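In: sequence first, then the predicted structure, then my questions.
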Amino acid sequence: MEKPEPFKRLAPGHRLCALSDLNDPGSKGFVFESPGGERLSIFVVRKGEAVFGYVNRCPHMGVPLSALPDLFLASDGQILCDKHGALFDVQSGLCTEGPCRYHYLQQVPVQVQGGQVLTA
Ligand code: FES
């Protein structure tokens, strides 16, 4: 399945959190609201010193992956959709198991700079 284009509507350099705010492995969600009232939900996942960002939308049914704000990981460290149990590789966003197998989460470019997690 084709990988969707990264989500690039967030201005680069926006601070999301400190790297130390994230467990390793760990995840954290963020919600942005545009002046027009449009809501965007994203999350980041830490794996070692690397952090990966994704839009909080499951490719199976287009709904948020988690009902809880900061819990996006299964016990094995993969990203989990709590609706029907899809699992996604942290680094690529590829669904490895579940009803949307071989589909991808939409990446949100992020970077770690000076111990801070920023949009990229
Ligand atoms: S909505 Fe995510 S697995 Fe079904």
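Out: Good, I have the coordinates. Numbering: from 1, shown residues only.

In: rest of the way, CA atoms for contacts and neighbours
Out: OK.

In: residues touching whichever residue of the chain sits closest to the ligand, list them.
Out: Of all residues in the chain, the one sitting closest to the ligand is residue 84 (3.9 Å; C-alpha to the nearest ligand atom). Going by C-alpha atoms under 8 Å, 6 or more residues apart in numbering, residue 84 touches 98-99.

In: mind doing that once more with 10 Å?
Out: For residue 84, the contacting residues are 58, 60-61, 65, 98-100, by C-alpha atoms under 10 Å, 6 or more residues apart in numbering.

In: take those and write them to JSON lines, including neighbour count and distance to the ligand.
Out: Formatted as JSON lines, those follow (neighbours: other C-alpha atoms under 10 Å; distance: C-alpha to the nearest ligand atom, whole Å):
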{"residue": "58", "neighbour count": "24", "distance to the ligand": "5"}
{"residue": "60", "neighbour count": "19", "distance to the ligand": "5"}
{"residue": "61", "neighbour count": "12", "distance to the ligand": "4"}
{"residue": "65", "neighbour count": "26", "distance to the ligand": "6"}
{"residue": "98", "neighbour count": "15", "distance to the ligand": "6"}
{"residue": "99", "neighbour count": "15", "distance to the ligand": "6"}
{"residue": "100", "neighbour count": "20", "distance to the ligand": "7"}
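
In: possible to save those as CSV with pLDDT and secondary structure?
Out: Listed next are those as CSV, based on pLDDT from 0 to 100; DSSP: H, G, I helix; E, B strand; the rest coil:
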residue, pLDDT, secondary structure
58, 98, coil
60, 98, coil
61, 98, coil
65, 98, coil
98, 98, coil
99, 98, coil
100, 97, coil
